[in-house]
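> Model the following, please.
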Amino acid sequence: MSTYVLVAEDNRKQADLIRRYLVHDGHEVTVVHGGETALEEATRRPPDLLVLDWMLPGLDGLEICRRLRSAGDLPILMLTARSAEDDLLQGLDLGADDYMTKPFRPRELVARVRTLLRRSRQTARPASADSPFPAAPSAAVDREVLTVGPLTVNAIRHQVFIGDRPVNCTPGEFRILCAMAASPDRVFTRSQLLNYLTDHGRTVSQRTVDVHILNLRKKIEISPRRPQHLVTVHGIGYKLASGDHGA
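Purely as a prediction, here's the structure:
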């Protein structure tokens, strides 16, 4: 079945390159070059996925992401020439599902689009025996309510709480929390956590995992610089500590 992808990119040469690669991969594609036009088109005909440039004229990509995310769960792949940690955190915090820094390889963009679309379809239907996702994420979802210390994750309702306080998570952050809450105190390597963000360990960089972890700490820790729940195990990866303090 053909999927509809909206590409919002003001660089016309780059936009056309993205369009040609996506069309060759079997997608129906519409290209727009301005922020207001992107928001209007996404509202008029909601796409299956949005490829969104950060620096659009008029409304920028962050504002578009904020408005669209408040209205639904449209998968968003953010394109940016900015690579500073705070910038990437801001984009993911507003609801982007993944990001690519420019310059990028068109074939990798196509692979990430495929991955996000598969994840979107998986979220929209019950898990099945032939699920394209690794076994561990599915196992995490099998347990509806996961509780680790003050953290509660409702895998079916897509809800997260610290004590009584609700925590708003992006889809990527939520998948990581589900996996870690299902195995408290287990140490996950970055490569293992990649499996919860993509079907393979290749189409999303390990840097994306670090950004998700940093962003989650801002949301669930009293002091993100001294995490007590989502802690680093130096030289290995991360774990969700079951006690009051991380190791």
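> Report the buried residues of the helix or strand where residue 214 lies.
Using DSSP states H and E, residue 214 sits within helix 206-220. Neighbour-count burial for helix 206-220 flags 208, 209, 210, 211, 212, 213, 214, 215, 216, 217, 219, 220 (criterion: 16 or more other Cβ atoms under 10 Å). Placement of C-beta: from N, CA and C, glycine included.
> Over to stretch 35-54?
Buried residues in stretch 35-54, defined by neighbour count with 16+ other Cβ under 10 Å: 35, 37-39, 41-42, 47-54.
> Off-centre distance for the helix or strand just after the helix holding residue 214?
The helix or strand immediately downstream of helix 206-220 is strand 230-233, counting by DSSP H and E. The chain centre lies 20 Å from the centre of strand 230-233; the measure is Cα atoms, centre = their mean, to the nearest Å.
> what does the following helix or strand past strand 230-233 contact?
Going down the chain from strand 230-233, the next helix or strand is strand 237-240, by DSSP H and E. The contact list for strand 237-240, computed with Cβ atoms under 8 Å, 6 or more residues apart in numbering, reads 148, 151, 177, 180-181, 184-190, 192-193, 213, 229-233, 246-247.
> repeat that for 7 Å
Residues outside strand 237-240 that contact it (Cβ atoms under 7 Å, 6 or more residues apart in numbering) are 148, 180-181, 184-190, 213, 229-233.
> ok, which pair from those is furthest apart?
The distance between the two most remote of the contacts of strand 237-240 (Cβ to Cβ) is 20.2 Å, for 148 and 190.
> neighbour count winner among these two?
A side-by-side neighbour count of residue 148 and residue 190, using other Cβ atoms under 10 Å, places residue 148 first with 20 against 17.
> after the worst-scoring helix or strand of the chain on mean pLDDT, next one along is what?
Sorting the helices and strands of the chain by mean pLDDT, DSSP states H and E puts helix 135-142 at the bottom, at a mean of 37. Using DSSP H and E, the helix or strand that follows helix 135-142 in sequence is strand 145-148.
> Which residues are in contact with the spatially most central residue of the chain?
Among the residues of the chain, the one closest to the centroid is residue 97, at 2.7 Å (Cα atoms, centre = their mean). For residue 97, the contacting residues are 75, 76, 77, 116, 170, 171, 172, by Cβ under 7 Å, 6+ apart.
> Show me the protein divided up by domain.
The chain breaks down into these domains under automatic domain parsing: 4-124, 135-240.
> per-stretch mean pLDDT over the ones you listed, give me the minimum one.
The minimum mean pLDDT among these belongs to domain 135-240 (a mean of 81).
> And that one, how far out from the chain middle?
The answer for domain 135-240 is 12 Å, by Cα atoms, centre = their mean.
> Tell me the spacing between residue 100 and residue 113.
Residue 100 is 10 Å from residue 113, where distance means Cβ to Cβ, to the nearest Å.
> Mind listing the shared neighbours of the two?
residue 77.
> Have a look at these two and say which one is more surrounded.
Legend: neighbour count by other Cβ under 10 Å for residue 100 and residue 113, higher for residue 113 (25 against 18).
> Isn't that one up against residue 47?
No: between residue 113 and residue 47 there is no contact under Cβ atoms under 7 Å: 11.0 Å.
> any residues in contact with both of these two?
With contacts taken as Cβ under 7 Å, 6+ apart, residue 113 and residue 47 have residue 5 as neighbours in common.
> Check the secondary structure at residue 173 for me.
Assigned state for residue 173: helix (three-state reduction, DSSP: H, G, I helix; E, B strand; the rest coil).
> In contact with it: list those residues for me.
Shown in contact with residue 173 (Cβ under 7 Å, 6+ apart): 212, 215, 216.
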